[in-house]
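Undergrad: please find the sequence and the predicted model below.
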Amino acid sequence: MKALILAAGYATRLYPLTLETPKPLLEVCGKTIMQRIMEKAVESGIVEEFIVVSNSRFYKKFEDFFKNYSPGVPVRLLNDGSLSNDDRLGAVADINFALKQAGYFGDLLLLAGDIIFDFSIKPMVESFLEEKREILALFDVKSLALAKRFGIAQLDREKRIDSFIEKPENPKSTLASTAFYILGEKALSMIPEFLETSGKKDAIGFLFEWLLGKGVILYGFEFNEGKWFDIGSLESLESARKHFQH
C-alpha cells in the first residue's frame, strides 16, 4: 500500500516559524514532524512507498530534507505548483493531484503532514486488511468545546460512521478525526466528482460528509490510549514538544 502525506500548506497560523520552514519540517524533540509521521506509518508494516505533496515555495526544502533522511521505503516528492496561501490547491485537490501524478488508485494510507501521535496504527491496519473497508482514525478529545475545532464523527454499534460534521457548532460527539485514514478505490475514485460538484477543495472532512451522503460506508477506528496532536497553533506545537521530552 502507498502512503500519501499532504504537506503543501503554508501554516500561516504558525508565523514566523513557518515563514521559511514548512510545518512538517519543524522539529519536535530532535525529530521533524515528518519523521515522526513516517516512522509510525512504516512501523505499521504496510507502506511500500510514500508520496509526499509539497508546493513550489517549499519543494526545495523537502528535497534537501529527503537527501539526508530516508524512512526505509521509497519516497516520491511532488510539487503541486502553488506559491502562496492565496493560490494553494487545498487538501482534497492535492489528493486528486497526487493520485493522478502517481497513476495510483489502489488502497491508500492518507496522512496530514502536521499531526503527531505516539500510539501504534497497527490495529487499524490489521482491521482494514481483515475487512477491506474505508476507515477513519478517531481520537476522543473528551471535550465538546474542543470538538468544535475538528471533524467530528458519530458511530453506530457496528462502528460505522452515522454522521460526520466538519467543525460543528454543536458537536454531538467528541470523536475527532485524527487526519489519518485508510481509503480504498471506491472512495478515491469519487474525489473528482466531489471537487466538481461541491466547490470545496480544502478540509477533508467535507469530503467525508459528501461520501456519506452518496451512500459510501465509512467506519471509525477509535484510539483510546496515547496522545495525538494536531499542530495547528504555537500552543499545540509546544504541547507536543513537552510531551515528547519524556
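TA: The structure has been received and is ready for your questions.
Undergrad: from here on, contacts and neighbour counts on C-alpha atoms
TA: OK.
Undergrad: now do the SS call for G215.
TA: coil (DSSP: H, G, I helix; E, B strand; the rest coil).
Undergrad: now it: phi and psi?
TA: Backbone dihedrals for G215, given as degrees, to the nearest 10, come out at phi 90, psi 10.
Undergrad: check D94 too.
TA: Torsion angles, degrees, to the nearest 10, at D94: phi -70, psi -40.
Undergrad: could we number from 31 for the rest of this?
TA: Yep, numbering from 31; the last one is D124 now.
Undergrad: ok, now which ones touch it?
TA: By C-alpha atoms under 8 Å, 6 or more residues apart in numbering, the contact set of D124 is 36, 38, 83, 110.
Undergrad: wait, isn't the first one in contact with I67?
TA: No - contact between L36 and I67 fails when scored by C-alpha atoms under 8 Å: they sit 11.2 Å apart.
Undergrad: which residues in this structure form strands?
TA: Secondary structure of the chain by DSSP state E: the strands cover 32-36, 57-58, 61-62, 79-84, 105-109, 138-142, 145-147, 165-170, 181-185, 191-196, 205-213, 249-253, 258-260.
Undergrad: closest one to Q131 among the ones you listed?
TA: Distance to Q131, taken as C-alpha to C-alpha, is lowest for strand 105-109 among the strands of the chain, at 8.0 Å.
Undergrad: list the residues that contact both of L36 and I67?
TA: Common neighbours of L36 and I67 (C-alpha under 8 Å, 6+ apart) are G143.
Undergrad: what is the neighbour count of A37?
TA: Neighbourhood size, A37 [other C-alpha atoms under 10 Å]: 27.
Undergrad: on that earlier part again, which of the strands of the chain sits closest to F95?
TA: That would be strand 61-62 among the strands of the chain, by C-alpha to C-alpha, at 9.9 Å.
Undergrad: tell me which other helices or strands that closest one touches.
TA: Helices and strands touching strand 61-62, by 3 or more C-alpha pairs under 8 Å, 6 or more residues apart in numbering; DSSP states H and E: there are none.
Undergrad: who touches that strand?
TA: Strand 61-62 is touched from outside by 54-56, with contacts defined as C-alpha under 8 Å, 6+ apart.
Undergrad: ok, and the most crowded of those?
TA: P54 (26 neighbours).
Undergrad: any stretches of this protein with poor pLDDT?
TA: 276 (pLDDT under 70).
Undergrad: format the strands of the chain as JSON lines; extra columns: distance to G229.
TA: Formatted as JSON lines, the entries for the strands of the chain read as follows, by distance: least, C-alpha to C-alpha, whole Å:
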{"stretch": "strand 32-36", "distance to G229": "20"}
{"stretch": "strand 57-58", "distance to G229": "35"}
{"stretch": "strand 61-62", "distance to G229": "33"}
{"stretch": "strand 79-84", "distance to G229": "21"}
{"stretch": "strand 105-109", "distance to G229": "22"}
{"stretch": "strand 138-142", "distance to G229": "21"}
{"stretch": "strand 145-147", "distance to G229": "26"}
{"stretch": "strand 165-170", "distance to G229": "23"}
{"stretch": "strand 181-185", "distance to G229": "18"}
{"stretch": "strand 191-196", "distance to G229": "15"}
{"stretch": "strand 205-213", "distance to G229": "21"}
{"stretch": "strand 249-253", "distance to G229": "25"}
{"stretch": "strand 258-260", "distance to G229": "25"}
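Undergrad: could you redo those as a markdown table and give each row mean neighbour count and distance to E223?
TA: Shown next, in a markdown table, are the strands of the chain (neighbours: other C-alpha atoms under 10 Å; distance: least, C-alpha to C-alpha, whole Å):
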| stretch | mean neighbour count | distance to E223 |
| --- | --- | --- |
| strand 32-36 | 23 | 20 |
| strand 57-58 | 18 | 37 |
| strand 61-62 | 14 | 35 |
| strand 79-84 | 22 | 21 |
| strand 105-109 | 18 | 23 |
| strand 138-142 | 21 | 19 |
| strand 145-147 | 21 | 28 |
| strand 165-170 | 22 | 21 |
| strand 181-185 | 23 | 21 |
| strand 191-196 | 20 | 19 |
| strand 205-213 | 23 | 16 |
| strand 249-253 | 21 | 21 |
| strand 258-260 | 17 | 28 |
